[in-house]
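Engineer: Next come a sequence and a model predicted from it.
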Amino acid sequence: MFDFWQSLLQALERLAMLPSLLHSVLPSLLYRKRRRDAVRTYERTMDDLLREIETLFESPLDAAKLLRMSARLQEQFAPKLQASDICMLPSYNYKLPSGLEHGTYMALDVGGSTFRVAVVELTGKNPGAKSMRIVTMKSYKIDNSVRCLKGTDFFDWMAEKVGTAIADPEVQKLSDNEKPFGMGLAWSFPVEQTSTRSGNLLAMGKGFRATEGTLGQDLSELIMAPCRRRNLPVRLDSIINDSSATLLSRAYEDPSTRFAVILGTGFNISVHLPLSALSPSKYKNYPTSFLASATHVLVNTELSMFGKNIFPTTRWDEHLNSTHLRPDFQPFEHLISGRYLGEIARLIIVEATRTAGLFSGKLPDKLSEPYTLDTTTLAALQLDTSKNLTSSTQLFSSLHPSCIPPSHSDVLFLRRLAELISKRAAAYLAAGIHSLWCLRIQAEGLTPQTAGTMAIGCNGSVIEKYPGFRDRCQRYLDELTGFSGANKGDGIRLEVAVESAVFGAAVSVACLEG
Ligand code: BGC
């Protein structure tokens, strides 16, 4: 009935027949529309939905279940340690730094959202002084237009930025005109290393399209060819995955480091393992000199690719996966990394608005598009413990404007969502770290009782900055390693490794000179 009168009035307005009548009727129509929204019935209440979300997100997180996930991950590792050209990738770095290496190096860090070009100085162990220093650094945002650059266009973009960075007078002051700059590259994607300075390009996640037409080509040449065309005085000396760079950078300062975790836009873990943990076929093209001297090797596990059918998922995770550019490529990453936490929340919000009346049933426009809810917004919601949640309400409304502002209970729901999604991520990460801790202990012929404490270098926006994330993960780890038999106070210690990708890229070059 209401719709009939509304269409009739709209027709009259178009014909401009009854302008004065319209002015008197319209306000009452709008009032009736608002009331109609207020009494609109939904499939379920918000409380019901929240209870379901709590069960789905929290029930898998008790220690026994997490330990089972860890055990099943270890089963998934076994065949990949034998043969896989996309994960459990050995590097050519077998020595950890002594911490005495020194020199000035150029470091490139290609991350998921930023490309950084830095000059790094390593000064070795100096009592009371920092042993690593960024002399100068330029950061270039990798937005969606850069992520979508196909094939060599992406490497041209990189070379152009290296050129800009080198032209900077501060960098010029550090250059030795006789010699090209020696560069180390931290690459936040898988790479099949063919030497310390080269590697074949493997499939890239995080929405990048640079492998289109270049898959399997030499990464070093892809980067150096456009640098040469621009006459840039640079030489790529070392390529290393960003997780291995983090390990090297942390080990430079703390020799007990054997592990590194990256959890920012992407996720990965690097481990220092005995050579024998991987099948000989993994070293088929390695020089005999490497095999003669190495006892251990830095392994890029690409842990993001494991976990399919191990970690319990929800209908929102499944939707995320099925609509992803590369479904099933990185199931673990989809559950825990910064690129996806916001998207999981967005998918729940869309459902809650439609079926349970979140935001009075009106989805803020921007949230109908995939990947429009940033994980930093979840972090801000979780950080806001004030009674009225004023700052996070303001932030949310400014990022996601709507004609109906969010109510207090809407924002409380969002805050709870942020807590649940990040709590599950911290627990699943702990299960993943635990599985590799077990792998290493076994490969070293140790036991949880004899393994002592192991330091893990951590880097990335989620593990470094998401409120309470690292502490929560540490608590899960203490519980899991305790159940596995580690002595109290031993087990695993998460340690932040600030700027570790750039530092690690420099350390990797310095290690070659040692
Ligand atoms: C990539 C890894 C990288 C990690 C962290 C993942 O998506 O596959 O190679 O180390 O992100 O940046």
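Structural biologist: Structure received.
Engineer: How about the residues of the stretch 51-200 of the chain by the ligand?
Structural biologist: With C-beta under 6 Å from any ligand atom as the criterion, the stretch 51-200 of the chain meets the ligand at residues 112, 188, 189, 190. Glycine gets a C-beta too; all of them are placed from N, C-alpha and C.
Engineer: contacting residues around residue 188?
Structural biologist: By C-beta atoms under 8 Å, 6 or more residues apart in numbering, residue 188 lies in contact with 109, 110, 111, 112, 206, 241, 242, 262, 265, 266, 268, 501.
Engineer: what's the last one sitting at in phi/psi?
Structural biologist: Looking back up the chat, that one is residue 501. Dihedral pair for residue 501: phi -70, psi -50, per degrees, to the nearest 10.
Engineer: can you check the third one too?
Structural biologist: Backbone torsions for residue 111, taken as degrees, to the nearest 10, come to phi -100, psi -170.
Engineer: Renumber starting at 42 from here on
Structural biologist: Done: numbering now begins at 42, and the last item shifts to residue 152.
Engineer: Pass me the low-pLDDT residue ranges in this structure, would you?
Structural biologist: 42-80, 168-169, 555 (pLDDT under 70).
Engineer: Near the ligand, which residues of the protein are found?
Structural biologist: Residues of the chain lying near the ligand (C-beta under 6 Å from any ligand atom): 153, 229-231, 246-247, 282-284, 303, 307-309, 343, 345, 371, 374.
Engineer: Which parts of the stretch 392-541 of the chain are helices?
Structural biologist: Using DSSP state H, counting those that start in this stretch, the helices of the stretch 392-541 of the chain run over 416-424, 431-440, 449-484, 502-506, 510-524, 541-554.
Engineer: mind listing what whatever residue of the stretch 342-491 of the chain ends up closest to the ligand touches?
Structural biologist: Of all residues in the stretch 342-491 of the chain, residue 345 sits closest to the ligand, at 4.9 Å by C-beta to the nearest ligand atom. Going by C-beta under 8 Å, 6+ apart, residue 345 touches 246, 307, 308, 309, 371, 372, 373, 374, 378.
Engineer: which one among the residues of the stretch 92-241 of the chain next to the ligand gets closest to residue 252?
Structural biologist: In terms of C-beta to C-beta, no member of those lies closer to residue 252 than residue 230, at 8.6 Å.
Engineer: what's near enough to touch the closest one?
Structural biologist: 151, 243, 245, 246, 247, 249, 282.
Engineer: Please list all residues in contact with residue 468.
Structural biologist: 101, 102, 107, 513, 514, 517.
Engineer: hang on, the earlier thing: please identify the deepest-packed of the helices of the stretch 392-541 of the chain.
Structural biologist: helix 541-554 (a mean of 27; mean count of other C-beta atoms under 10 Å).
Engineer: Packing partners of that helix?
Structural biologist: Taking 3 or more C-beta pairs under 8 Å, 6 or more residues apart in numbering; DSSP states H and E as contact, the helices and strands that helix 541-554 lies on are strand 144-151, strand 155-163, strand 173-182, strand 222-228, strand 275-282, helix 283-294, strand 494-500.
Engineer: nearest spatial neighbour of residue 157, skipping sequence neighbours?
Structural biologist: residue 150 (4.4 Å; C-beta to C-beta, 6 or more residues apart in numbering).
Engineer: how much space between that neighbour and residue 549?
Structural biologist: 12 Å (C-beta to C-beta, to the nearest Å).
Engineer: now swap in residue 419 and tell me
Structural biologist: 34 Å.
Engineer: Also residue 183?
Structural biologist: Going from residue 183 to residue 549 by C-beta to C-beta gives 22 Å.
Engineer: Quick check, the residue in this protein closest to the ligand?
Structural biologist: residue 307 (2.3 Å).
Engineer: so who does that residue touch?
Structural biologist: Residue 307 is in contact with 153, 229, 246, 247, 345, 371, 374, 378, 380, 501, counting by C-beta under 8 Å, 6+ apart.
Engineer: ok, now with 6 Å
Structural biologist: Counting by C-beta atoms under 6 Å, 6 or more residues apart in numbering, residue 307 touches 153, 229, 247, 378.
Engineer: what's the answer for residue 494, then?
Structural biologist: By C-beta under 6 Å, 6+ apart, the residues touching residue 494 are 531, 534.
Engineer: Show me where the stretch 192-341 of the chain has its helices.
Structural biologist: Under DSSP H, counting those that start in this stretch, the stretch 192-341 of the chain gives helices at 193-208, 210-215, 260-270, 283-294, 329-334.
Engineer: Arrange these in a markdown table, one row each, with mean neighbour count as further columns.
Structural biologist: Output for the helices of the stretch 192-341 of the chain, formatted as a markdown table (neighbours: other C-beta atoms under 10 Å):
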| stretch | mean neighbour count |
| --- | --- |
| helix 193-208 | 19 |
| helix 210-215 | 12 |
| helix 260-270 | 18 |
| helix 283-294 | 31 |
| helix 329-334 | 10 |
